[in-house]
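**Student:** pasted the sequence and its predicted model underneath.
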Amino acid sequence: MAAEVAEATQIYTELNEAFQLERARLAGNAELLKVYERLQQNILRARHRVNNDPAWVRASLAEHEGISAALAVRGRLDLADRLVAHNEATAAAIIAKIDL
């Protein structure tokens, strides 16, 4: 069971990283992308700790679906609200896991 959880965590973490990177890439700003890539390297370890919680993964996937839907319809205000909410939820989850 522990091996299955570890594998699922790794798979989700890789998919999540790809989703986040593509989101940064879609902005069309090369400098933003460079900054994001540097930040991603620094936060990946903390994010991995959060991603081993199935409830968190389900919530995060639901947020990603909402973000993707807002992108598809080009709902800028909805997209902005969803991105802010997702980033705040992710920050809170990481802080809670690393006891800051």
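**Tutor:** It's in. Residues are numbered from 1 along each chain as shown.
**Student:** just for the protein, where's the confidence low?
**Tutor:** 1-6, 100 (pLDDT under 70).
**Student:** tell me where it has helices.
**Tutor:** 2-26, 30-50, 54-73, 76-98 (DSSP state H).
**Student:** could I get the ones you listed as CSV with mean neighbour count?
**Tutor:** For glycine as for every other residue, the C-beta is placed from the backbone atoms N, C-alpha and C. Formatted as CSV, these follow (neighbours: other Cβ atoms under 10 Å):
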stretch, mean neighbour count
helix 2-26, 13
helix 30-50, 13
helix 54-73, 14
helix 76-98, 14
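**Student:** got a list of contacts for stretch 56-72?
**Tutor:** For stretch 56-72, contacts defined as Cβ atoms under 8 Å, 6 or more residues apart in numbering pick out 12, 16, 19, 23, 26, 50-51, 78-79, 82-83, 85-86, 89-90, 93.
**Student:** again, but for stretch 31-38
**Tutor:** 20-21, 24-25, 27.
**Student:** please redo it, this time with the cut-off set to 7 Å
**Tutor:** The contact list for stretch 31-38, computed with Cβ atoms under 7 Å, 6 or more residues apart in numbering, reads 21, 24-25.
**Student:** chain center to that stretch, what's the gap?
**Tutor:** 15 Å (Cα atoms, centre = their mean, to the nearest Å).
**Student:** can you check stretch 88-100 too?
**Tutor:** Averaged C-alpha coordinates place stretch 88-100 at 12 Å from its chain's average position (Cα atoms, centre = their mean).
**Student:** again with stretch 9-18
**Tutor:** 9 Å.
**Student:** check what contacts that stretch and list those residues.
**Tutor:** Counting by Cβ under 7 Å, 6+ apart, 40, 44, 47-48, 51-52, 57, 60 sit against stretch 9-18.
**Student:** mind doing that once more with 8 Å?
**Tutor:** Outside stretch 9-18, the residues touching it (Cβ under 8 Å, 6+ apart) are 40, 44, 47-48, 51-52, 57, 60, 64.
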